[in-house]
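Engineer: Here is my input, please return the structure:
(chains A and B)
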Amino acid sequence: MIDTNNDIALKATKISKYFNEPQKFQVLKEISFEVKKGEFLSLIGKSGSGKSTLLYVLSTMDTDFEGNLTMNGMDLTNKSQNELAKFRNEHIGFVFQFHYLLPEFSALDNVMLPALKLGKYSKEEIKKSAIEKLNILGIKDQANKLTSNLSGGQQQRVAIARALINNPAVIMGDEPTGNLDSKNSGIVFDIFKELASQYGQTIITVTHDDDFAANCDRVIELTDGRLL
Amino acid sequence: MRNPTNYKIALAHLTSRGKQTLVAVLSVTFGISMYVFMNSFMSGVNNAQTDLAFSTLAHIRIYNDLPEDNTNLMANLEDSNTVIHLRNPKVMQYTDGIKNSEAIIHSISTDEGITGIAPQLNINVFFRNGATELNGLLSGIDVQYENDLFGTAQYIIEGSWDNLKTRNDGIIMGAGLAQRLSLKLNDNATVITADNVSRNYKIVGIFKTTLGSIDNGKAFIKIGTARQLLSKNMGFVSDIQINVADYNKAPEIAQRLSAKTDYKVEPWQEANGQLEAANGLRDIIAISVSLTILMVAGFGIYNIMNMTVNEKIREIAILKAIGFDGGDIVQIFLTQSIIIGIIGDLAGLFLGYVVSNLIHLIPFKIANLETLPIAFDVWDFIMAFLFGLITTFIAGYLPARKASKLDPVEIIRS
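Structural biologist: The predicted model follows:
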């Protein structure tokens, strides 16, 4: 199923999901929405509303759901794990609450990792583009430091650079500012805002932070597994 | 084709946890070196044992077998109406020994794989000195060939083996036999045959093999002298002893030779099953002990790799999130254990070689041994290397597969 509408980055159709433990429980109830290209979208909701669960379904990492998911015009339902891994590598960038960088590698190496995995460009080209991304995020001077020697805010910016390296269709953030102080939260938010407005980057984040959500292009709120 | 990035990550894991990597490498090294040492030691013991046995035993022996079954001579008479009455039947040996030994030796000497042939005329006799009378074996031998086959000259402790060449009435006696007969070098010994023929010989040498039964009951004379003693023709022998290049192949060669002669051709394994059994058992002990040690080393690696996987569980999740698939994860962790395996393996081969050589220096003066015996076999090293690789592969694959099956969502959300 090829989506002909080129303005749509992501389309979810009637997505439902159940948890079987401890007892059968419907977390997501027939959720349908579309995300336009270049849109900066926040998913909010109370704890247990299903917003993180929805994000992981959208991210293709959680495949145990009903409904239909299309990204960049490609149908992602019923694909094998390895196909999905390849798709994530090329089309989705992740920023998590905790940075999850490889501590043995330098900031630059961490940023280069998804591109090396993709294997589309030469090592030199990847290095050049990684330095470029670090420059956009204002941490070019930290490129050769081990990530374990960077501050929390710097690490999160390295993680964002890593998410950007393959020029993904969508960046997904799971509480990307959840573990940062207000100053660094502000920096990360500004970066996201800039990426969306200047580079046309589609961003979907789950957040608790009302200020963060209020300044996004669009906010989707979940209550008890339904969109408000 | 997999991504070289995987190797980079594997190497980063290995080097960032140097101590644990070293412990894993050492456990393989220890296992492999024990394998090499145990097998080299057992080979050494086997060789020493076999050498000792082959100091009196040839690889193949040709001799005149007695008729096999004389108990039912009338078995071929099928006519049930015939009444048979046999009174006082006796086993009668028509021929005794091998009469045409030259012809046989000539015909078998062309067979490849044979390294030496020695004719023998072995006679059961009484040795006498004054009132002392002992029975034993008098072996008529060819002075040159006998030594070529058994290296008998090296066991001479008094006199000289070559004295036999020049003295037709010379005899070389086991040390124990000479002592029990109260005889010394250059004394005369009397030999009495079953036919009550008595001869005097001069002792021109005394040997000591450390095998009691030989030293206490055997003497050598020239084969010609022995034929005279029995009044037999030239060419008469009781045994033809044959050595082959590879004594493990004796049965095959014996089978080939038996086609060329009517006499019994017997490989050493047939007559001395206990030697082969002992060798086999020692090999089994060596392999089972060293494989056990290797298995313990394998568990060590398994344990360490499992710890690595648990420690790196969040990294695995993020790698999967950014697009590394199950195969990549397996490769990352399997590469680590294979690197550990290969380094530990090679170090183990080297250590095993060094340890074996050190053990070889330890004095052990029993029988014909000077130091503890060690024998290296290329196959032991190849097997050790393969077993090491297989063990580390299995020990590394299980945690790697576990890592590849982790659900990243569960890890990231917890």
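
Engineer: Relative to residue B:359, how far out is the one residue in the stretch 51-200 of chain B that gets nearest to chain A?
Structural biologist: Closest contact between the stretch 51-200 of chain B and chain A, by Cβ to the nearest Cβ, is at residue B:51 (56.4 Å). Just so you know, the C-beta spots here come from the backbone N, C-alpha and C atoms, and that holds for glycine as well. Using Cβ to Cβ, to the nearest Å, residue B:51 is found at 18 Å from residue B:359.

Engineer: Name the residue in those two with the higher neighbour count.
Structural biologist: Neighbour count, other Cβ atoms under 10 Å in any protein chain shown: between residue B:51 and residue B:359, residue B:359 has more, with 17 against 14.

Engineer: rewinding a little: may I have the residues that are in contact with the nearest residue to the residue of the stretch 51-200 of chain B closest to chain A once chain neighbours are set aside?
Structural biologist: Of all residues not flanking residue B:51 in the chain, residue B:368 sits nearest, at 7.1 Å (Cβ to Cβ, 6 or more residues apart in numbering or on different chains). Under the criterion of Cβ atoms under 8 Å, 6 or more residues apart in numbering or on different chains, the neighbours of residue B:368 are B:48, B:51-52, B:55, B:209-210.

Engineer: With pLDDT as new columns, can those be given to me in CSV?
Structural biologist: Formatted as CSV, these follow (pLDDT from 0 to 100):
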residue, pLDDT
B:48, 85
B:51, 79
B:52, 78
B:55, 75
B:209, 84
B:210, 79
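
Engineer: Select, from these, the two members most distant in space.
Structural biologist: B:48 and B:209 (13.8 Å; Cβ to Cβ).

Engineer: all helices of the stretch 51-200 of chain B, in order?
Structural biologist: B:101-108, B:143-150, B:163-166, B:175-180 (DSSP state H, counting those that start in this stretch).

Engineer: and the shortest one, C-alpha only, in CSV?
Structural biologist: Once side chains and other backbone atoms are set aside, the C-alpha atoms of helix B:163-166 remain, and they are given as CSV (Å, rounded to 0.1, in the frame of the first residue of the first chain):
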residue,chain,number,x,y,z
ASN,B,163,81.7,-61.1,21.0
LEU,B,164,79.0,-63.5,19.7
LYS,B,165,80.1,-62.8,16.1
THR,B,166,83.6,-64.1,16.7
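
Engineer: Nearest residue to the middle of the chain?
Structural biologist: No chain was given, so I picked chain A. Per Cα atoms, centre = their mean, the C-alpha nearest to the average position across chain A is that of residue A:172, at 1.3 Å.

Engineer: Chain B, not that one
Structural biologist: residue B:46 (4.3 Å).

Engineer: What distance do you get for it to chain A?
Structural biologist: Applying Cβ to the nearest Cβ, to the nearest Å, the value for residue B:46 to chain A is 50 Å.

Engineer: Hmm, residue B:281 and that residue touching each other?
Structural biologist: No. Assessed by Cβ atoms under 8 Å, residue B:46 is found out of contact with residue B:281, at 10.1 Å.

Engineer: for whatever residue of chain A ends up closest to chain B, what are its contacts?
Structural biologist: Going by Cβ to the nearest Cβ, chain B is nearest to residue A:89 of chain A, at 2.2 Å. Applying Cβ under 8 Å, 6+ apart to residue A:89 gives the contacts A:114, A:117-118, A:166, B:322-324.

Engineer: Okay, now the unreliable bits of chain B?
Structural biologist: Low-confidence segments of chain B (pLDDT under 70): B:1-2, B:66-78, B:91-95, B:367.

Engineer: Which helix in it has the most residues?
Structural biologist: Longest helix of chain B, by residue count under DSSP state H: helix B:273-311.

Engineer: Which positions in chain A make contact with chain B?
Structural biologist: With Cβ under 8 Å from any Cβ of the partner chain as the criterion, chain A comes near chain B at residues A:52, A:56, A:59, A:61-62, A:81-82, A:85-90, A:93-94, A:96, A:98, A:100-105, A:109, A:113-114, A:116-119, A:162, A:174.
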